[in-house]
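> The sequence isn't on hand, but the structure is:
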């Protein structure tokens, strides 16, 4: 039986039509790739105290964060950018993983951001200090209730780091404890650095501590005395 | 009167001899210049707690720091490198200026390093937090006695920064308060960065606070209440 054959001209015409159809997407993809290559690595310094601004626009929805203030937000706070909103944006950019290594964590806004990421399927891991995690207003209990993994020290010294790693690409580190007191009243700094070497070194430190604070190694009723 | 004239050959010979004499120095200078251009900017991360090591070799003399342990040092501590000794080295590299913006400063070794720099003619300026500067063991009083300029806050919030700027070229910043407790017991990080942009931003922050904490603006007997 003789097989049906497309005339060569028809094949060429279909091919050309498909190529023309795909051309804008291919050009867009190539342009995006070039932009990605050309974009300088992120380098930002945030200083605190931060102006108190409304952060509902960033935090209200588990989906995409809208660019402006939400229609429902009629609060009297300013709706512009602040050091806190920039820190929230840097965190909410996470798509795959977030490592947090924090001495004190009681800021409700930062707590909500971390829970949002967890709801979106980002793998969140938290290391904290055992003395501060049980204080009034601590976010650690809420994160645990939400199903986020938390590990803590049992050492004589403090787990005094204050860093985060977003998608294993961006390091956020500085003097800032994640508390409202620090955000609104203290002189603080936070560096946001898309830097392969620094990320690698801090991630190694995170994994070292994460393993060391494995709950199977916890001692119950430890005797802990601390000096200032 | 006819002036004495050097024969052309003699002039050429003297010129050649001088050129040959200077050649090694010129080559060395050129090589040093190239090394300077080629040397990548300093980037270092120190993690704490630091092993307790002897730092006498770095701190004993107001002149040059010897490379090995001093002959007189017979202490039982190890004499190798540690995070603290690396931090001391980074500070002691200062030749012109040192800006310190520190929440808590009680480490005797770091205090000695800062006094050494002051004795060597480095311009040292210190900003600190008023609550912590008067605590037992604080180095702030000793630095003031030595003639170093210190300014402090009178705010509701803490002056919680922990950074140093060496010769307006290297930024030292992180989570570490300059206390023996933090150095020997806490999980901490310090970044040492030769980075023009970060140095500029932190220096601007320093100058802003320095001006704001000008003693002519101090209020005596201020009412200060702080929450944790």
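Right, received. Where do you want to start? What you are looking at is a predicted structure, and each value in this text was computed from that prediction instead of being measured.

> show me where chain A has helices.
A:8-38, A:56-59, A:83-92, A:108-119, A:140-145, A:180-185, A:196-212 (DSSP state H).

> can you tell which of the ones you listed is closest to chain B?
helix A:180-185 (3.0 Å; C-beta to the nearest C-beta). Every C-beta, even on glycine, is put in place using the N, C-alpha and C of the backbone.

> per-residue confidence for the closest residue to residue A:199 other than its chain neighbours?
Spatial nearest neighbour of residue A:199, chain neighbours left out: residue A:171 (5.0 Å); criterion: C-beta to C-beta, 6 or more residues apart in numbering or on different chains. Listed pLDDT for residue A:171 reads 98.

> For the helices of chain A, which has the smallest mean pLDDT value?
Minimum mean pLDDT among the helices of chain A: helix A:8-38, a mean of 69.

> Let me know which of the helices of chain A is the nearest to residue B:44.
Nearest of the helices of chain A to residue B:44, taken as C-beta to C-beta: helix A:196-212 at 9.6 Å.

> how far is that closest one from where the chain is centred?
16 Å (C-alpha atoms, centre = their mean, to the nearest Å).

> That one packs against which elements?
Helices and strands touching helix A:196-212, as assessed by 3 or more C-beta pairs under 8 Å, 6 or more residues apart in numbering or on different chains; DSSP states H and E, comprise strand A:97-102, strand A:123-128, strand A:162-166, strand A:170-174, strand B:43-48, strand B:188-193.

> Taking the centroid of chain A, which residue is nearest it?
residue A:91 (2.8 Å; C-alpha atoms, centre = their mean).

> so how many other residues sit close to the closest residue to that one other than its chain neighbours?
Spatial nearest neighbour of residue A:91, chain neighbours left out: residue A:113 (5.1 Å); criterion: C-beta to C-beta, 6+ apart. If you count neighbours by other C-beta atoms under 10 Å in any protein chain shown, residue A:113 ends up with 23.

> rewinding a little: could you say which one of the helices of chain A comes nearest to residue B:104?
helix A:180-185 (14.8 Å).

> tell me which residues of the closest one are tucked away?
By neighbour count on 16 or more other C-beta atoms under 10 Å in any protein chain shown, the buried set for helix A:180-185 is A:180, A:181, A:182, A:183, A:184, A:185.

> Likewise for stretch A:167-186?
A:169-186.

> re earlier: I'd assumed residue A:92 was in contact with the residue nearest to residue A:91.
Yes. With contact defined as C-beta atoms under 8 Å, residue A:113 counts as touching residue A:92 (5.7 Å).

> Mutual contacts of those two, please.
residue A:58 (C-beta atoms under 8 Å, 6 or more residues apart in numbering or on different chains).

> In contact with residue A:54: list those residues for me.
Residue A:54 touches A:69, A:73, A:75, A:77, A:78, A:79, counting by C-beta under 8 Å, 6+ apart.

> if I look at the last one, how far off is residue A:117?
When C-beta to C-beta, to the nearest Å is the yardstick, residue A:79 and residue A:117 sit 22 Å from each other.

> surely the residue nearest to residue A:199 meets residue A:197?
No. Using C-beta under 8 Å, residue A:171 makes no contact with residue A:197, being 9.7 Å away.

> Looking at strand pairing, list the partners for the residue lying closest to residue A:43 once chain neighbours are set aside.
Using C-beta to C-beta, 6+ apart and skipping the chain neighbours, the partner closest in space to residue A:43 is residue A:193 (6.0 Å). Beta-bridge partners recorded for residue A:193 (DSSP bridges): residue A:43, residue A:171.

> right, and residue A:193 touches residue A:171 too?
Yes. In this structure, residue A:193 is within contact of residue A:171 by C-beta under 8 Å, at 4.9 Å.
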